[in-house]
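A.B. asks: Structure here, sequence nowhere to be found:
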């Protein structure tokens, strides 16, 4: 199979935004205008292509990222529609890891919202070039100026206004393209035929001023154009486009477009901008890979005949065809029937069926070339974050890191027949979602599932009941607390000695424990010199430390933010073993944690509550009664106030109902995990009891 499109005419982009900004509606319009669909899908009616799961259609939100492919003016555009809800942040993270560019959608009334900031920071982390689309320009209170201001202030970005809206709110009917200085109207119901016309006289002066401002911003990004501009020479549209494209690709500028996806206005101009300004796979720097031992670094050009490097970024369990793995090929070509290596697991995989995905529909293909995204059936050992490469040229790509769960619930099968089905269902769901964790509570024997929030676990349990037909009882949500020490403990000297018939057991370790900054995790370091403990026993000590921190001494919660140093010890020529050193580390750690004045930590959520001004006092009262700390407030359009606060997750269960009743259903809130903080003595006592 040869390439349908040259590599420079391919775009791998994601649609990213806060919940309810209009990502899925914008994706639907992209598919419609590019000729992939012949009717417009609607989120409220549950008829969209990318929101195909039953749970998505029922709730009217995106839960899993969906990949679709469209064509526009001779370009192939691979689009991934991502979720906006913070509980599904892993979906955004793994999509951004493999994309070359992004369209960030903003609500023209709300401007930058909390999850907009989160996805923006995630895109910064992976250096993803972006363009912005200010959606919902037809809504009451919509303001392009306000949104541009929030992009500058809250995101610290350099937005460049590319359009001027014609008409406002319900009277919004088109835009002035500041580059070509033409008015573009969308008059028919489907907005299929944009009509180009001269700029209305009442907007001409404003458009000229804004164009001058836009040209100044663009020429500042290019030394050659700056000289030309200062010498008073005319700068062509092509020169401006080239300079802006280069600045977008190196993430130093972000062009901003506006429209209304639901009213079919402005989306074709966004498609033009994707083609004009976002990078193709050849425009981004070559991917960096490492040799399996981590010692050699190599650059991999985006070429079909280069060594194969592909990253698995998503696993889907399909009830009909089994496990489906989405991957991005960075270099080389992957063909049906190939045998490839997963260097992380050290296992070979055979490539069964290769597919091009269109949301939940599939099209068989024979190969996936460099720069493209595809899916494969039949991988047995490869999961999210794993590399696929040639058997004779092993290399490892940077993996994807995910946040730890902050909330958990207990689940138990209703009958013995459901027991095996539940174990299989939970295993499949955990393979799909790296932020979903399953473990057994040793003290109670219960199966505990952990996730990123109430909605996250609610959706996963719903999928377990429906897709896997498991009958289960579900407990109440509970918070994933952590434990840590508050003071240094020096030289915990622990000998594990057991004498039985034959060989005995002898392991002797001396450990130092020290608290670390919040979010640092657990770090183990060996300071052993002179062979006082043979090298082959050090990994056993580390294993013992890792096992010991899985349950702390106060209430059995995992221990975090801890530095463990192995500083001394001794061994016995005959009786020492890996097991003995592991047990010495576990029991020594227990002793150290008790001496280190352990405290409980609880997850604190960064929360934004938007309420009409008349309810502000009541809502502030709710925040303080839930142990919240107000960080600040700002005014929102439509006589509303946004309260920014930090609140403990344990006090946020059921808050949605309380907020609705206090504000006659007009208050909304969003929250995302911020950090872990020590709990007060009174709260700790309640948790431990």
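C.D. replies: Right, received. Where do you want to start? What you are looking at is a predicted structure, and each value in this text was computed from that prediction instead of being measured.

A.B. asks: need the strands for the stretch 351-500 of the chain, in chain order.
C.D. replies: Listed in chain order, the strands of the stretch 351-500 of the chain (DSSP state E, counting those that start in this stretch) span 354-358, 361-365, 367-369, 373-377, 387-389, 396-397, 407-413, 437-440, 447-451, 472-474, 478-479, 482-484, 489-498.

A.B. asks: To residue 179, which of those strands lies closest?
C.D. replies: Of all the strands of the stretch 351-500 of the chain, strand 373-377 sits nearest to residue 179, with 30.3 Å by C-beta to C-beta. All C-beta spots, glycine's among them, are computed from the backbone N, C-alpha and C.

A.B. asks: what pairs with that closest one, and is each one parallel or antiparallel?
C.D. replies: strand 322-331 (antiparallel), strand 354-358 (antiparallel) (DSSP bridges).

A.B. asks: Can you pull out the residues in contact with it?
C.D. replies: 12, 67, 78, 80, 98, 321-329, 334, 351-357, 362, 365, 368 (C-beta atoms under 8 Å, 6 or more residues apart in numbering).

A.B. asks: Need the residue closest to the centroid of the chain.
C.D. replies: For the chain, residue 93 is the residue whose C-alpha lies nearest the centre (C-alpha atoms, centre = their mean; 2.4 Å).

A.B. asks: avg pLDDT for whichever strand or helix holds that residue?
C.D. replies: When elements are assigned from DSSP states H and E, residue 93 belongs to helix 89-98. Averaging pLDDT along helix 89-98 gives 79.

A.B. asks: neighbouring contacts of that helix?
C.D. replies: 12, 14, 16, 63-65, 80, 82-83, 102, 118-119, 122-123, 125-126, 128, 311, 313-314, 328, 373, 384-385, 400, 402-403, 433-435, 452, 672.

A.B. asks: Look up which residues are beta-bridged to residue 355.
C.D. replies: In beta-bridge terms (that is, DSSP bridges), residue 355 pairs with residue 364, residue 375.

A.B. asks: list the contacts for it?
C.D. replies: 324, 362, 363, 364, 365, 374, 375, 376, 377.

A.B. asks: Same question for residue 609.
C.D. replies: So residue 609 contacts 619, 623, 642, 643, 645, 659, 667, 668, 669 (C-beta under 8 Å, 6+ apart).

A.B. asks: Low-confidence regions, the protein specifically.
C.D. replies: The model of the chain has pLDDT under 70 over residues 1-4, 38-66, 84-87, 318-321, 359-360, 442-444, 500-502, 638.

A.B. asks: among the strands paired with strand 373-377, which is nearest residue 598?
C.D. replies: Closest approach to residue 598 among these is made by strand 322-331 (40.8 Å; C-beta to C-beta).

A.B. asks: Show me what secondary structure element comes after that closest one.
C.D. replies: strand 333-335.

A.B. asks: Return the residues in contact with residue 516.
C.D. replies: Counted by C-beta under 8 Å, 6+ apart, residue 516 has contacts 523, 561, 562, 563.

A.B. asks: Narrow these to those in strands?
C.D. replies: 523, 562, 563 (DSSP state E).

A.B. asks: which one is the first one nearest to, not counting chain neighbours?
C.D. replies: Counting by C-beta to C-beta, 6 or more residues apart in numbering, residue 563 is the residue found nearest to residue 523 once chain neighbours are left out, at 5.1 Å.

A.B. asks: How many neighbouring residues does that neighbour have?
C.D. replies: 17 (other C-beta atoms under 10 Å).

A.B. asks: which of the contacts of residue 516 has the most neighbours?
C.D. replies: Going by other C-beta under 10 Å, residue 562 tops the contacts of residue 516 with 25 neighbours.

A.B. asks: Pull up the gap between that residue and residue 483, please.
C.D. replies: 9 Å (C-beta to C-beta, to the nearest Å).

A.B. asks: And for residue 246?
C.D. replies: 50 Å.

A.B. asks: Between these two, tell me which one has more neighbours.
C.D. replies: Neighbours were counted for residue 246 and for residue 483 using other C-beta under 10 Å; residue 483 has more, 23 against 16.

A.B. asks: OK, contacts around the closest residue to that one other than its chain neighbours?
C.D. replies: Distances taken as C-beta to C-beta, 6+ apart put residue 552 closest to residue 483, at 3.3 Å, once the chain neighbours are dropped. Residue 552 sits next to 482, 483, 558, 559, 593, 598 when contact means C-beta under 8 Å, 6+ apart.

A.B. asks: quick one: contacts for residue 429?
C.D. replies: 317, 436, 460, 463, 464.

A.B. asks: Quick one: those as CSV, columns for neighbour count too.
C.D. replies: Below are the contacts of residue 429 laid out as CSV (neighbours: other C-beta atoms under 10 Å):
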residue, neighbour count
317, 18
436, 20
460, 24
463, 21
464, 22
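
A.B. asks: Closest to residue 255 out of those residues?
C.D. replies: residue 436 (37.0 Å).

A.B. asks: Am I right that that closest one is in contact with residue 404?
C.D. replies: No. At 11.2 Å, residue 436 does not count as touching residue 404 under the criterion of C-beta atoms under 8 Å.

A.B. asks: quick one on the thing from earlier: next one: the helix holding residue 93 to chain centre, how far?
C.D. replies: 4 Å (C-alpha atoms, centre = their mean, to the nearest Å).

A.B. asks: helix or strand right after it?
C.D. replies: strand 101-107.

A.B. asks: Go ahead and name everything in contact with that next one.
C.D. replies: Contacts of strand 101-107 (C-beta under 8 Å, 6+ apart): 11-18, 20-23, 26, 96, 112-113, 116, 119-120, 123, 128-136, 139, 147, 151, 254, 270, 274, 278-279.

A.B. asks: Which ones among those lie within strands?
C.D. replies: 11-17, 130-135, 254.

A.B. asks: circling back: residue 569: which of the strands paired with strand 373-377 is closest?
C.D. replies: strand 322-331 (43.9 Å).

A.B. asks: Give me the angle between the closest one and strand 361-365.
C.D. replies: Using axes from the mean of the first three to the mean of the last three C-alpha atoms, to 10 degrees, the inter-axis angle of strand 322-331 relative to strand 361-365 is 50 degrees.

A.B. asks: Compute the first-to-last residue distance for stretch 104-112.
C.D. replies: 10 Å (C-alpha to C-alpha, to the nearest Å).

A.B. asks: Tell me the one among the contacts of residue 429 nearest to residue 636.
C.D. replies: For these, the residue nearest residue 636 by C-beta to C-beta is residue 460; the value is 32.9 Å.

A.B. asks: residues in contact with that closest one?
C.D. replies: With C-beta under 8 Å, 6+ apart, residue 460 has these contacts: 429, 433, 436, 449, 451.

A.B. asks: sorry, back to before: with distance to residue 196 added, can I get the ones in strands among the contacts of residue 516 in a markdown table?
C.D. replies: Output for these, formatted as a markdown table (distance: C-beta to C-beta, whole Å):
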| residue | distance to residue 196 |
| --- | --- |
| 523 | 61 |
| 562 | 64 |
| 563 | 65 |
